[in-house]
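*Asks:* can't give you the sequence, but here's the structure:
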């Protein structure tokens, strides 16, 4: 019985190490392509999706005076930043020592990988017979839209991470934690 338990733990570690390695390798290929083979280097990635708006909120935290100073988005008025929820900009600000734009990419990457790992354990919890390694590897690339969203500045990885935690705690009947992650989502 103990050998089976230890074998399951080592299988999980191997699976998670492989998922993490594939995720980081795919990220390296994507960012390497933009950095080495496009004229704008990483500028295309940094300006994609809603990321620049979240960076403005992370820098200003909704202060209108600061928004007017740091807003470089011509088509976005000062009041439009009120639509950006605060949790993602808070994490961007937390890692702002990397630089706000690269912090935005790092936070998206971090929560994307966390979501894939949490989905691995969630699927294992719901259906223990499922091949969670294959599902985890597919989650890195499927759908192509998810691949792009998870590698640019967007709040969706954080949302999916919170929703997955909500479901996991709900199934374990830990309703207070479940409610906290539902609220965070």
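*Replies:* Arrived safely, thanks for sending. Predicted, not measured: the structure shown is a model, and the values here were computed from it. Numbers count the residues shown, from 1 in each chain.

*Asks:* who are the packing partners of the longest helix seen in the chain?
*Replies:* Using DSSP state H, we find that the single longest helix of the chain is helix 2-37. Packing partners of helix 2-37 (3 or more Cβ pairs under 8 Å, 6 or more residues apart in numbering; DSSP states H and E): helix 43-46, helix 100-126, helix 132-141. C-beta: built from backbone N, CA, C; applies to glycine.

*Asks:* which of the three states applies to residue 153?
*Replies:* Residue 153 carries the three-state label coil when classified by DSSP: H, G, I helix; E, B strand; the rest coil.

*Asks:* measure it to residue 88 for me?
*Replies:* According to Cβ to Cβ, to the nearest Å, residue 153 stands 9 Å off from residue 88.

*Asks:* over to residue 154?
*Replies:* Distance, residue 154 to residue 88, by Cβ to Cβ: 8 Å.

*Asks:* more neighbours: these two, which one.
*Replies:* Taking other Cβ atoms under 10 Å, residue 154 and residue 88 do not tie; residue 88 has more neighbours (25 against 22).

*Asks:* for that one, give me its contacts.
*Replies:* 54, 107, 155, 158 (Cβ atoms under 8 Å, 6 or more residues apart in numbering).

*Asks:* redo these as CSV? Include neighbour count and distance to residue 66.
*Replies:* Shown next, in CSV, are the contacts of residue 88 (neighbours: other Cβ atoms under 10 Å; distance: Cβ to Cβ, whole Å):
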residue, neighbour count, distance to residue 66
54, 26, 14
107, 27, 20
155, 23, 20
158, 23, 23
